[in-house]
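Enquirer: Fold the stuff below for me.
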Amino acid sequence: MNEKNPTTRRDGVVPRQGEIRDEVAAFVEKVGKLARPNAAEDGRLLFAMDATMSRQPTWDLAISLQAGMFEAIPKDAALQVQLLYFRGLGECRASKWVRDASALAKLMSSISCQGGNTQIGKVFSHARDEHKTRRINAVVFVGDAIEEDVDALCAKAGELGLLGLPVFVFQEGRDARVEAAFREFARLTKGAYARFDNSAPGQLASLLKAVAAYASGGKAHLRLQSGGEARALLAQIEGR
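Expert: Down below sits the predicted model:
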């Protein structure tokens, strides 16, 4: 794949707000069609982000919104979240698993974005290894570019699908090549895809809450979430 300057990845096209809302709504509804996690255990959500330089605005946004993931947890359930990020020259690191919003915010606020190429393959490999050790209910990946071999990434995504680990892919921007690959990752893992606009933080907040609701309480709890985003994400998952 062609490499891009990490500070100028986006294609400059302004997303249409109505289209973004529809895609976010479809994403949220699709999540609820997944099987319910094991209620006897904490839900586990791997939250992976591209932390290269073009991600800085979204990184700051995610720090401010991530508390909403914990607000979506059922009262009789618990959610553990692990932060995974890549940046710079081959750096890809995972945090410990945490159970509260303040701990996750502290982890995220200690990280600064740096220029570099994508490392989505490492994200998929880490998710596979963690899932084999102890079940992960869902993976969230937020990114805007791919600078790796897409066929190789699809092979890794297919392995996650066989393991029953859904990946929910959030794309910033409107790069058609990236969208096609991200949609395929979601299809292969029986997850879901959505595009979001960082100028409308409520959309990303709804997506994060929806996946957290599924990871901790299954589709039954996701149905309790208000708004079109939750209903639409249920529908997308149903189609897998």
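Enquirer: switch to C-alpha atoms for all contacts and neighbour counts from now on
Expert: Noted.
Enquirer: Quick check: beta-bridge partners of the residue nearest to Phe182 when sequence neighbours are not counted?
Expert: Spatial nearest neighbour of Phe182, chain neighbours left out: Val169 (6.4 Å); criterion: C-alpha to C-alpha, 6 or more residues apart in numbering. Applying DSSP bridges to Val169 gives these bridge partners: Phe141, Tyr193.
Enquirer: Thought Ala192 was touching Val169, still the case?
Expert: Yes. Val169 is within contact range of Ala192, at 6.4 Å (criterion: C-alpha atoms under 8 Å).
Enquirer: any common contacting residues for those two?
Expert: Common neighbours of Val169 and Ala192 are listed as Arg183, Ala186 (criterion: C-alpha atoms under 8 Å, 6 or more residues apart in numbering).
Enquirer: And for Ser110, the neighbour number?
Expert: Neighbour count for Ser110, taken as other C-alpha atoms under 10 Å: 7.
Enquirer: any idea how far it is from Glu91?
Expert: 15 Å (C-alpha to C-alpha, to the nearest Å).
Enquirer: go on, Trp97?
Expert: Using C-alpha to C-alpha, Trp97 is found at 19 Å from Glu91.
Enquirer: And the helices in this structure, which stretches?
Expert: Listed in chain order, the helices of the chain (DSSP state H) span residues 17-31, 56-65, 67-71, 101-109, 120-133, 150-162, 176-189, 201-222, 228-238.
Enquirer: For Gly158, list the residues it contacts.
Expert: The contact partners of Gly158, by C-alpha under 8 Å, 6+ apart, come to Phe185, Leu188, Thr189.
Enquirer: these two touch, right, the first one and Ala155?
Expert: By that I understand Phe185. No. In this structure, Phe185 is not within contact of Ala155 by C-alpha under 8 Å, at 9.3 Å.
Enquirer: Between the two, tell me which one has more neighbours.
Expert: Taking other C-alpha under 10 Å, Phe185 and Ala155 do not tie; Phe185 has more neighbours (27 against 15).
Enquirer: Okay, the more buried one and Met53: tell me how far apart.
Expert: Phe185 is 23 Å from Met53, by C-alpha to C-alpha.
Enquirer: So what pairs up with Ala94 in the strands?
Expert: With DSSP bridges applied, Ala94 shows beta-bridge pairing to Leu84.
Enquirer: What number of residues are in the vicinity of it?
Expert: Using other C-alpha under 10 Å, Ala94 is surrounded by 15 other residues.
Enquirer: ok, it to Ala180 distance?
Expert: Note on Ala94: its distance to Ala180, by C-alpha to C-alpha, is 27 Å.
Enquirer: Leaving out sequence neighbours, find the closest residue to Ala152.
Expert: Leaving out its chain neighbours, the residue that sits closest to Ala152 by C-alpha to C-alpha, 6+ apart is Gly121, at 7.9 Å.
Enquirer: Can you check the pLDDT for the one you found?
Expert: On the pLDDT scale, Gly121 is placed at 98.
Enquirer: wait, what's in contact with it?
Expert: Going by C-alpha under 8 Å, 6+ apart, Gly121 touches Glu148, Ala152, Leu153, Lys156.
Enquirer: Isn't the last one up against Ser125?
Expert: Yes. Counting by C-alpha under 8 Å, Ser125 is a contact partner of Lys156 at 7.1 Å.
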